[in-house]
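K.L.:
Generate coordinates for the sequence data below:
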Amino acid sequence: MALETAAERAAPRWIAIGVALALIALVTAGWSLANAAIPGTSPVSSGQELDLGGDGTTRAVLVLADDGWGVDVSASHPGQSYRLERASAVLDVVRPEDWEADQPDMAQRWQGARGILLSEDLSTEVGEPGPVASADGTEGWAAHVSRSRGPGTMVVLPAPSSGYAVRLLLQGTDGGPGVTSEQLAHMVTFSEEGVHG
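P.N.:
Below is the predicted model of the structure:
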């Protein structure tokens with residue numbers, strides 16, 4: 001039985017380490033190429049309509065009043081939700097699934113939206129809601145929101161058919177001048193099914 005030298009025993013370890021480092025480099029390079037191939041954000045023009053879907057009776061669209069916003073492609077689901085970014089601000093717009101049972105009133109919708117925010121971030125503080133209206137005059141509620149991402153505003157607008165609602169959450173405004181709750185609400189328009197889209 002031949003005795004193995006220390007150098008002979010170390011050789012397989014160095015080969016294994018070299019193979020592991022090569023795999024790490026390959027995965028890192030591949031990940032970078034994949035990120036470069038998939039767009040992060042896509043610019044949105046002022047006046048461009050983003051479809052939020054509907055319930056067969058009414059349809060909701062989001063219309064941005066000014067340029068500078070980009071849609072986060074990987075976090076958006078056309079026809080139901082969008083994540084938009086501009087500088088440090090992030091705007092999440094969601095049309096939750098339709099209500100099939102009892103139609104909730106505005107207070108129930110507000111509490112539901114508030115509960116979702118709290119479940120996502122326990123540091124969330126939501127102020128007292130006040131009235132706002134969408135571009136077509138649909139009434140909803142808005143309030144100041146404070147979260148770990150920064151100050152912001154939440155708006156909840158029930159569809160005229162009451163089958164669904166649209167929730168807008170603007171965050172990361174750093175307390176500077178930004179979009180007011182009224183301007184946020186005016187970004188949404190409800191119409192009869194088939195008028196938009």
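
K.L.:
From here on, just use CA atoms for contacts and neighbour counts.
P.N.:
Noted.

K.L.:
where exactly do the strands run in this structure?
P.N.:
41-44, 49-54, 58-63, 69-72, 81-86, 89-94, 125-126, 130-133, 139-147, 150-158, 165-171, 188-192 (DSSP state E).

K.L.:
can you put those in JSON lines and add distance to Ile15 and mean neighbour count?
P.N.:
Shown next, in JSON lines, are the strands of the chain (distance: least, CA to CA, whole Å; neighbours: other CA atoms under 10 Å):
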{"stretch": "strand 41-44", "distance to Ile15": "42", "mean neighbour count": "16"}
{"stretch": "strand 49-54", "distance to Ile15": "54", "mean neighbour count": "21"}
{"stretch": "strand 58-63", "distance to Ile15": "57", "mean neighbour count": "23"}
{"stretch": "strand 69-72", "distance to Ile15": "42", "mean neighbour count": "20"}
{"stretch": "strand 81-86", "distance to Ile15": "46", "mean neighbour count": "21"}
{"stretch": "strand 89-94", "distance to Ile15": "47", "mean neighbour count": "21"}
{"stretch": "strand 125-126", "distance to Ile15": "55", "mean neighbour count": "18"}
{"stretch": "strand 130-133", "distance to Ile15": "67", "mean neighbour count": "18"}
{"stretch": "strand 139-147", "distance to Ile15": "49", "mean neighbour count": "21"}
{"stretch": "strand 150-158", "distance to Ile15": "49", "mean neighbour count": "24"}
{"stretch": "strand 165-171", "distance to Ile15": "50", "mean neighbour count": "24"}
{"stretch": "strand 188-192", "distance to Ile15": "61", "mean neighbour count": "21"}
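
K.L.:
Least confident of these, on average?
P.N.:
For the strands of the chain, mean pLDDT drops lowest on strand 41-44, to a mean of 82.

K.L.:
Off-centre distance for that strand?
P.N.:
14 Å (CA atoms, centre = their mean, to the nearest Å).

K.L.:
need the strands of the chain in CSV with distance to Arg109, can you?
P.N.:
Listed next are the strands of the chain as CSV, based on distance: least, CA to CA, whole Å:
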stretch, distance to Arg109
strand 41-44, 29
strand 49-54, 17
strand 58-63, 17
strand 69-72, 26
strand 81-86, 17
strand 89-94, 13
strand 125-126, 14
strand 130-133, 14
strand 139-147, 10
strand 150-158, 8
strand 165-171, 8
strand 188-192, 17
